[in-house]
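1. the sequence and its predicted three-dimensional model are supplied below.
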Amino acid sequence: MPGGRLTQQERQQVALGLADGLAYAEIARRLDRPTSTITREVMRNGGPTAYRADLAHRATERRAHRRRQTVPQGAEAPPQPHGRDAEAVREYEETFTTVIMASGMSRMMSRVLACLCISDAGSLTAAELVQRLQVSPASVSKAIAFLESQGLVRRERDERRRERYIVDDDIWYQSMMASARSTAQLVETTREGVRVLGPGTPAATRLENIARFLDFVSESIARAAEQARDILHVKPEPASGQPARPASGGEAVEAARTSGGEPSESDGEG
């Protein structure tokens, strides 16, 4: 049944599904579980190539034991606004954290970023982060310092002179552009290898092909980020009498255009 922790038998089915090359969604369907549950389970236990059911089960038991030891007696999750299910929000936050970790970020940095992203205000104080994540102030401070250095968060003082850490909608654009710049630098270095190894040699040909591929990807990322930047600032409008659903990329770009944020022709067409 959906809900609750995965059993050892379910974890064995997850492992078999991964070995058969099944997508997370298909494994989730077979187990009658949310896809997010399977994604979180796999990503926090080694990823699709290193997942082992028995190790994952033991790791989960250890985490549950540590949580019982570290959470203060009587501590409760903060009340959720908008009638949200607190347990569903907690599980989603854990899934979001795990997926961020898969990009190479450490767990604490990922937890802080995920916590900020899913807060309605998009900002929290250090004390609020400590309370929500049940970690030390030093851990939060270290995570914030790293996220700031990457341009993922910024800080401002509120009316009470407290520092608030803010996750800006535009960070995703900045993150994509930073990725494009990093890839462009790799292209430059790879092409330098062509000169050193001698054009036309097998190694130089390999490097040139890598450079051409990465150059195309880098330019595509930068162009797409510029074209889609306004999506980050356009609120999806639900149909009359229906709840809002996330807009697709094309729908959101069109909404941005009609609201005055149309990309320039020099950026190309999506």
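-> On my side now, so go ahead.

2. going forward, measure contacts between C-alpha atoms and count neighbours the same way
-> Noted.

3. how about the helices in the stretch 51-200 of the chain?
-> Counting by DSSP state H, counting those that start in this stretch, the stretch 51-200 of the chain has helices at residues 53-70, 86-101, 107-117, 126-133, 137-149, 171-197.

4. extract the CA atoms of the shortest one and return them as CSV.
-> Yep, that's helix 126-133 we're talking about. Once side chains and other backbone atoms are set aside, the C-alpha atoms of helix 126-133 remain, and they are given as CSV (Å, rounded to 0.1, in the frame of the first residue of the first chain):
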residue,chain,number,x,y,z
ALA,A,126,19.5,31.2,10.6
ALA,A,127,17.5,30.4,13.7
GLU,A,128,14.5,29.2,11.6
LEU,A,129,16.8,27.0,9.5
VAL,A,130,18.3,25.5,12.7
GLN,A,131,14.8,24.8,14.0
ARG,A,132,13.4,23.3,10.8
LEU,A,133,16.4,21.1,10.1
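
5. for it, packing partners?
-> helix 107-117, helix 137-149, strand 163-166 (3 or more Cα pairs under 8 Å, 6 or more residues apart in numbering; DSSP states H and E).

6. of all the ones you listed, which lies closest to residue 15?
-> When these are compared by Cα to Cα, helix 107-117 sits nearest residue 15, at 23.3 Å.

7. quick one: mean pLDDT over that closest one.
-> For helix 107-117, the mean per-residue pLDDT is 93.

8. what's that helix packed up against?
-> Under the contact definition 3+ Cα pairs under 8 Å, 6+ apart, helix 107-117 sits against helix 86-101, helix 126-133, helix 137-149.

9. and that helix with helix 86-101, angle?
-> Taking axes from the mean of the first three to the mean of the last three Cα atoms, to 10 degrees, one finds that helix 107-117 is oriented at 130 degrees with respect to helix 86-101.

10. show the pLDDT at residue 221.
-> Turning to residue 221, the model gives it a pLDDT of 90.

11. what helix or strand does it sit in?
-> Here residue 221 is covered by helix 202-228, with elements defined by DSSP states H and E.

12. can you pull the buried residues of that helix?
-> 204-205, 207-208, 211, 214-215, 218-219, 221-228 (16 or more other Cα atoms under 10 Å).

13. over to stretch 155-174?
-> Of the residues in stretch 155-174, those with enough neighbours to count as buried (16+ other Cα under 10 Å) are 155, 163, 164, 165, 166, 167, 168, 169, 171, 172, 173, 174.

14. now the residues you listed as CSV including distance to residue 50 and pLDDT?
-> What follows is the buried residues of stretch 155-174, written out as CSV (distance: Cα to Cα, whole Å; pLDDT from 0 to 100):
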residue, distance to residue 50, pLDDT
155, 38, 88
163, 41, 90
164, 39, 93
165, 35, 93
166, 35, 92
167, 32, 89
168, 34, 79
169, 34, 79
171, 31, 81
172, 29, 83
173, 32, 88
174, 32, 84
